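J.: mind folding the following:
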Amino acid sequence: MQGLVNFAGEIGNAIAIMIPTICYILAIASFLFAGWGLVEDHAL
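T.: Predicted coordinates:
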């Protein structure tokens, strides 16, 4: 039973690290996509 609790704790730690990382990556991608759109608008 203790192994299951430890496993659940490790999963929680992994999720706690992955969610902010994914959010930062998506935010950077969003800014890059928006900047690319601005460049495309000015190129025309």
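J.: low-scoring stretches of this structure, by residue?
T.: Scanning the chain for pLDDT under 70 picks out the ranges 43-44.
J.: one more time with 80
T.: 41-44 (pLDDT under 80).
J.: in contact with residue 40, which residues?
T.: Under the criterion of Cβ atoms under 8 Å, 6 or more residues apart in numbering, residue 40 has no neighbours. In short, each C-beta sits where N, CA and C put it, glycine included.
J.: which element is it on?
T.: helix 2-43 (DSSP states H and E).
J.: report the central residue of this structure.
T.: residue 22 (0.9 Å; Cα atoms, centre = their mean).
J.: for that one, give its distance to residue 28.
T.: Counting by Cβ to Cβ, to the nearest Å, the separation of residue 22 from residue 28 is 11 Å.
J.: swap in residue 14?
T.: With distances taken as Cβ to Cβ, residue 14 is found 21 Å from residue 28.
J.: residue 17 too?
T.: In this view, residue 17 and residue 28 are 17 Å apart by Cβ to Cβ.
J.: and residue 33, how close does it get to residue 40?
T.: Distance from residue 33 to residue 40, counting by Cβ to Cβ: 11 Å.
J.: whoops, I mixed them up, residue 5
T.: 52 Å.
J.: same deal with residue 21?
T.: Counting by Cβ to Cβ - residue 21 and residue 40 are separated by 29 Å.
J.: swap in residue 4?
T.: For residue 4, the distance to residue 40 (Cβ to Cβ) stands at 52 Å.
J.: separation between residue 1 and residue 37?
T.: 53 Å.
J.: comparing those two, which shows the higher neighbour count?
T.: Taking neighbours as other Cβ atoms under 10 Å, residue 1 and residue 37 compare with residue 37 leading, 10 against 5.
J.: check contacts around that one.
T.: Contacts of residue 37 (Cβ under 8 Å, 6+ apart): none.
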